[in-house]
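*Asks:* Following is a predicted model, sequence given first.
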Amino acid sequence: MSYLDDELKTALRRTEPPAGFAERVLERAKAPALPEPSWWESLGVLMRPPRLQWVALSVVMSLMIPAAGVYRRERQRAEGEKAKEQLMLAVRVAGGKLHRVQRKVLEMGRMDTRI
Amino acid sequence: MSVAGGTAIRIEEDPEQAAKGEIPAFADIVRDHQSMVFGLAYHFLHDRGLAEELAQEVFLELYRQLDRIESPAHLVFWLRKVASRRCIDQIRRRSFWPKLRLDEVPEPAMKTDGRDPMLSRALSRLVASLPEKPRMVIILRYQEDLAPAEIAQVLDMPVATVKSHLQRSLDMLRDKLARTVGEIAI
């Protein structure tokens, strides 16, 4: 048994509670048990601070998370539409130019046959 | 188990009364074990008011579950287990406990070479600054004089973990105390 063991045993010996402890326990034991709170009362407890803050935060979060998902999907769809329009415009421009080049080639071919 | 001896006689004398949770038999149980339960709570929480509240709750839970207690030894085991669990839960649930590490606890201003009530108080304060589980391991070891295997049963943890908590906590306490009391062989 070391010095520290001895000192710990002294420091951590059992401690008597304040006077009248047993009587206070018995008084509480004799007191009728509180009835189980109803559903409505439990809801009422949730609506009191500080629980109300947590309830409000949970509601806000549960609304914000799906809303953020919908917003993200809508944004991706809009970006997709925009990219599609740009592609169509590019195709139209390229098609017009190609048509003009083709016409010129044909005209040059006709001039060659006349000569 | 010597601690349970007194209660054993009383419960065995009037088992029906005790099993029904009759007040006189229950009062004897409270008086016989109040120093154990209050001591565990007090050394763990270091607050007499909170310790009394917690000890009362432990006995009220016992009152509701007295019919499940099988023997005096089981009663003592049950009280230690419930008190330990409630102490640890109390610390986790409430953030009242100052987040102090053992290294941050100021060393008590004293120099002594013998037993001293101040030393006991200082040591008790150092124990109270240990993390939850090691703290309860040390309290059960030295207040209740339990072996590591018994502590493991009370706290539902492997014996090796209990031994490791004991070893590390004692090393830390020894180191801290050595700096406090100087050259004494610890």
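*Replies:* That came in fine, so what should we check first? Residues are numbered from 1 along each chain as shown, chains lettered A, B, ... in the order given.

*Asks:* residues touching residue B:88, list them.
*Replies:* By C-beta atoms under 8 Å, 6 or more residues apart in numbering or on different chains, residue B:88 lies in contact with B:132-133, B:136. For glycine as for every other residue, the C-beta is placed from the backbone atoms N, C-alpha and C.

*Asks:* Inside helices: which ones of the residues you listed?
*Replies:* Those of the contacts of residue B:88 mapping onto helices are B:132-133, B:136, per DSSP state H.

*Asks:* ok, back up a step: just name the closest of the contacts of residue B:88 to chain A, please.
*Replies:* Nearest to chain A, judged by C-beta to the nearest C-beta, of these is residue B:136 at 11.3 Å.

*Asks:* How many neighbouring residues does the closest one have?
*Replies:* Residues near residue B:136, counting by other C-beta atoms under 10 Å in any protein chain shown, number 26.

*Asks:* so which strand or helix has the residue positioned nearest the centre of chain B?
*Replies:* The residue lying closest to the centre of chain B (C-alpha atoms, centre = their mean) is residue B:40, at 2.6 Å. Using DSSP states H and E, residue B:40 maps to helix B:23-45.

*Asks:* Residue A:86 now?
*Replies:* Applying DSSP H and E, one finds residue A:86 within helix A:51-114.

*Asks:* What is the distance between that helix and the centre of its chain?
*Replies:* The chain centre lies 29 Å from the centre of helix A:51-114; the measure is C-alpha atoms, centre = their mean, to the nearest Å.

*Asks:* swap in stretch B:59-76?
*Replies:* How far stretch B:59-76 lies from its chain's middle: 18 Å, per C-alpha atoms, centre = their mean.

*Asks:* Endpoint to endpoint, that stretch covers what distance?
*Replies:* End-to-end distance for stretch B:59-76: 12 Å, by C-alpha to C-alpha, to the nearest Å.

*Asks:* how about it: buried residues?
*Replies:* By 16 or more other C-beta atoms under 10 Å in any protein chain shown, the buried positions in stretch B:59-76 come out as B:59, B:62-63, B:66, B:69, B:72, B:75-76.

*Asks:* I'd guessed residue A:17 sits against residue B:35; true?
*Replies:* Yes - when contacts are counted by C-beta atoms under 8 Å, residue A:17 is listed as touching residue B:35 (7.3 Å).

*Asks:* Counting neighbours, go ahead and name the busier of the two.
*Replies:* Ranked by neighbour count (other C-beta under 10 Å), residue A:17 and residue B:35 place residue A:17 first, with 22 against 19.

*Asks:* who touches that one in this structure?
*Replies:* B:34-35, B:38, B:51-52, B:55 are the contacts of residue A:17 under C-beta under 8 Å, 6+ apart.

*Asks:* which residues of chain B score low on pLDDT?
*Replies:* Filtered on pLDDT under 70, chain B yields the residue ranges B:1-24, B:94-116, B:180-186.

*Asks:* repeat that for 80
*Replies:* Counting by pLDDT under 80, chain B shows low-confidence ranges at B:1-24, B:93-119, B:178-186.

*Asks:* Please enumerate the helices of it.
*Replies:* For chain B, applying DSSP H gives helices covering B:5-13, B:15-19, B:23-45, B:48-64, B:72-93, B:117-128, B:132-142, B:148-155, B:159-181.

*Asks:* Columns distance to residue A:9 on top of the ones you listed, output as a markdown table?
*Replies:* Below are these laid out as a markdown table (distance: least, C-beta to C-beta, whole Å):
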| stretch | distance to residue A:9 |
| --- | --- |
| helix B:5-13 | 21 |
| helix B:15-19 | 32 |
| helix B:23-45 | 12 |
| helix B:48-64 | 19 |
| helix B:72-93 | 17 |
| helix B:117-128 | 10 |
| helix B:132-142 | 5 |
| helix B:148-155 | 15 |
| helix B:159-181 | 13 |
